[in-house]
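S.K.: Attaching a predicted model along with its sequence, questions to come.
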Amino acid sequence: MQAERTPVITGIGLVSALGDGAAAHWAALNAEGPFRPVVEADRFAPYPIHPMAPLDLDRQIPKRDQRQMEPWQRIGVYAAGLALEQAGVKGEAALLDRTHLIVAAGGGERDTALDETLFAALASAPEPDGLVGEQLMAGLRPTLFLAQLTNLLAGSISIVHGVVGSSRTFMGEEAAGADALRIACARIAACDGDLFLVGGSQNVERPEMLLAYEMGGMLLKGPYAPVWARQEAGGGIVLGSVGCFLVIEALAHAMARGARPIAALPAIAADRSLRTRGAATANAARQLETMRPLLDLPHVAVISAASGGSAATAEERAFLEALDLPFRAAATALGSSGEPGFPAAVALAALAVQSGTLFAPLEAAERPMRAPLRQALVTGWGHWRGEAMALVTAAA
């Protein structure tokens with residue numbers, strides 16, 4: 001890759017339980033004393049969650065537009081505005097006209113009242129299959145197809161913030177967020193665009209979201225525990241509401257317009273395996289080999305987007321321990337959020353390499369870093385499929 005085409009991050013929009021904006025997250029991660037995650041244990045007991053911090057939505061979204069959005073869209077549009085603002089792109093029509101948008105998000109929020117009615121009726125229905133079809137045909141809005149709702153977030157960002165370059169949307173949980181970033185970086189390297197807004201959002205504070213994971217037996221039940229410690233009790237996912245968008249652009253483009261890079265993304269890879277024994281590790285090992293020549297040891301740490309789900313997270317931890325590098329689990333701080341999870345881990349890595357220091361361990365399994373931080377490997381193994389790795393380095 002030509003140096004002037006190196007993808008750099010010039011704007012970070014990050015909101016989660018830890019706070020509103022990148023500065024709030026960095027302050028929370030570096031507060032004195034043991035790390036204390038923001039966890040809500042009662043609302044969806046026995047399942048703890050990481051709830052979204054209060055947001056002053058009026059800062060980024062006009063009230064008339066807020067009324068047209070569900071919470072997951074507000075979270076995403078707000079985070080996108082923060083990223084554009086930090087990058088110096090917000091309100092700049094000449095830049096927004098050629099800002100390409102790549103969104104990774106889920107299928108939107110379901111009609112909970114309809115779902116509850118359907119579940120109640122199924123218990124006594126003589127023909128359950130027929131009842132499901134009848135209720136969904138009669139109850140769902142005919143203009144709304146759930147698999148297209150990701151496009152609504154992209155459309156809302158375009159309308160509110162004036163981002164009018166090309167637009168792509170991805171669904172597919174953690175892997176979708178990783179691929180959104182990978183494709184943006186590949187297009188920059190191939191001279192197929194100079195300026196991108198990439199990210200996603202998730203609102204987990206809704207019953208059907210927890211139901212979907214719990215039907216697979218994936219959620220942590222009972223008292224909260226951080227990501228690595230959960231494995232001792234069989235593992236489990238703690239969901240978190242997160243919005244994360246990154247402004248990523250070619251280094252030469254950023255320098256030409258006077259933008260100050262936060263960090264660089266010289267390498268990123270994404271793949272998926274069938275998750276047979278060792279398959280995810282083999283994928284990650286291949287990804288690491290392509291990046292190994294770029295590593296500046298011992299000034300490297302790992303930010304993991306591990307979900308906390310037992311099998312995948314246990315294997316990922318074994319892989320990380322074999323690297324003999326300090327590592328941190330982003331989901332201990334943010335929760336597991338699906339599509340925005342990998343971009344959010346990249347955002348934390350960018351903040352860390354910008355400061356030159358890795359934040360303190362989030363739990364006992366993580367060790368301090370003694371050397372100055374210049375690079376971070378971001379790993380992201382989806383709870384079901386998808387293995388991704390990115391190298392985030394200090395900006396030149």
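M.R.: Received, thanks. Residues are numbered from 1 along each chain as shown.

S.K.: can you pull out the helices in the stretch 251-396 of the chain?
M.R.: Ranges of helices within the stretch 251-396 of the chain are 251-256, 279-291, 310-323, 330-334, 341-355, based on DSSP state H, counting those that start in this stretch.

S.K.: do the stretch 1-150 of the chain as well
M.R.: 22-29, 63-66, 71-87, 93-96, 112-122, 128-139, 149-161.

S.K.: Tell me which of those helices sits nearest to residue 353.
M.R.: Among these, the nearest to residue 353 by C-beta to C-beta is helix 22-29 (12.0 Å). From N, CA and C alone the C-beta is placed, and that goes for glycine too.

S.K.: re the thing from before, out of the helices of the stretch 251-396 of the chain, which gets nearest to residue 170?
M.R.: Closest among the helices of the stretch 251-396 of the chain, using C-beta to C-beta: helix 341-355, at 11.3 Å.

S.K.: Can you show me the CA trace of the closest one as PDB?
M.R.: Taking C-alpha atoms only, helix 341-355 is exported to PDB below (Å, rounded to 0.1, in the frame of the first residue of the first chain):
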ATOM      1  CA  GLY A 341     -18.700  -4.200  18.600                       C
ATOM      2  CA  PHE A 342     -15.600  -4.400  16.400                       C
ATOM      3  CA  PRO A 343     -15.700  -0.700  15.300                       C
ATOM      4  CA  ALA A 344     -16.000   0.200  19.000                       C
ATOM      5  CA  ALA A 345     -12.900  -1.900  19.900                       C
ATOM      6  CA  VAL A 346     -11.000  -0.200  17.100                       C
ATOM      7  CA  ALA A 347     -12.100   3.200  18.500                       C
ATOM      8  CA  LEU A 348     -10.700   2.200  22.000                       C
ATOM      9  CA  ALA A 349      -7.500   1.100  20.300                       C
ATOM     10  CA  ALA A 350      -7.200   4.400  18.400                       C
ATOM     11  CA  LEU A 351      -7.600   6.300  21.700                       C
ATOM     12  CA  ALA A 352      -5.000   4.200  23.400                       C
ATOM     13  CA  VAL A 353      -2.300   4.500  20.700                       C
ATOM     14  CA  GLN A 354      -3.000   8.200  20.400                       C
ATOM     15  CA  SER A 355      -2.200   8.600  24.100                       C
END
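
S.K.: Just name the most buried of the helices of the stretch 1-150 of the chain.
M.R.: Greatest average neighbour count among these goes to helix 71-87 (a mean of 26), per mean count of other C-beta atoms under 10 Å.

S.K.: Give the rounded mean pLDDT of that helix.
M.R.: Summarised as a single mean, pLDDT over helix 71-87 is 97.

S.K.: one step back: now the helices of the stretch 251-396 of the chain in CSV, with mean neighbour count?
M.R.: Below are those laid out as CSV (neighbours: other C-beta atoms under 10 Å):
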stretch, mean neighbour count
helix 251-256, 18
helix 279-291, 17
helix 310-323, 18
helix 330-334, 28
helix 341-355, 28
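
S.K.: My read is that residue 65 contacts residue 155, right?
M.R.: No - look at residue 65 against residue 155 with C-beta atoms under 8 Å: they stay out of range, at 11.0 Å.

S.K.: Show the end-to-end separation of stretch 371-385, please.
M.R.: Chord length of stretch 371-385, first to last residue, is 34 Å (C-alpha to C-alpha, to the nearest Å).

S.K.: how about it: buried residues?
M.R.: Of all the residues in stretch 371-385, those buried under the rule 16 or more other C-beta atoms under 10 Å are 373-385.

S.K.: right, and the helices of the stretch 1-150 of the chain - which one's nearest residue 227?
M.R.: When those are compared by C-beta to C-beta, helix 22-29 sits nearest residue 227, at 14.6 Å.

S.K.: Can I get the closest one in CSV? Just the C-alpha atoms.
M.R.: Presented in CSV, the C-alpha positions along helix 22-29 are these (Å, rounded to 0.1, in the frame of the first residue of the first chain):
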residue,chain,number,x,y,z
ALA,A,22,-14.6,9.4,23.1
ALA,A,23,-13.3,11.7,25.8
ALA,A,24,-15.8,10.3,28.3
HIS,A,25,-14.8,6.7,27.5
TRP,A,26,-11.1,7.4,27.8
ALA,A,27,-11.7,9.1,31.2
ALA,A,28,-13.8,6.2,32.5
LEU,A,29,-11.2,3.7,31.4
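
S.K.: angle of that helix against helix 341-355?
M.R.: 80 degrees (axes from the mean of the first three to the mean of the last three C-alpha atoms, to 10 degrees).

S.K.: Quick one: distance of helix 22-29 to the chain centre.
M.R.: Distance of helix 22-29 from the chain centroid (C-alpha atoms, centre = their mean, to the nearest Å) equals 16 Å.

S.K.: Low-confidence stretches in the stretch 101-250 of the chain?
M.R.: 140-148 (pLDDT under 70).

S.K.: Let's see that with 50 instead.
M.R.: Counting by pLDDT under 50, the stretch 101-250 of the chain shows low-confidence ranges at 143.

S.K.: where along it do the strands fall?
M.R.: Here the stretch 101-250 of the chain has its strands, by DSSP state E, counting those that start in this stretch, at 167-170, 195-202, 242-250.

S.K.: can you list these in TSV and add mean neighbour count and distance to residue 390?
M.R.: Formatted as TSV, those follow (neighbours: other C-beta atoms under 10 Å; distance: least, C-beta to C-beta, whole Å):
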stretch	mean neighbour count	distance to residue 390
strand 167-170	18	16
strand 195-202	31	12
strand 242-250	31	11
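
S.K.: any chance of those in TSV, with distance to residue 355 too?
M.R.: Formatted as TSV, those follow (distance: least, C-beta to C-beta, whole Å):
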stretch	distance to residue 355
strand 167-170	30
strand 195-202	21
strand 242-250	17
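
S.K.: So for residue 348, which of the ones you listed sits nearest?
M.R.: Short answer: strand 242-250, nearest of these by C-beta to C-beta, at 9.5 Å.

S.K.: Output the contacting helices and strands for that closest one.
M.R.: Judged by 3 or more C-beta pairs under 8 Å, 6 or more residues apart in numbering; DSSP states H and E, strand 242-250 is in contact with strand 7-16, helix 71-87, helix 173-189, strand 195-202, helix 341-355.

S.K.: Could you find the closest non-adjacent residue to residue 54?
M.R.: residue 20 (7.5 Å; C-beta to C-beta, 6 or more residues apart in numbering).
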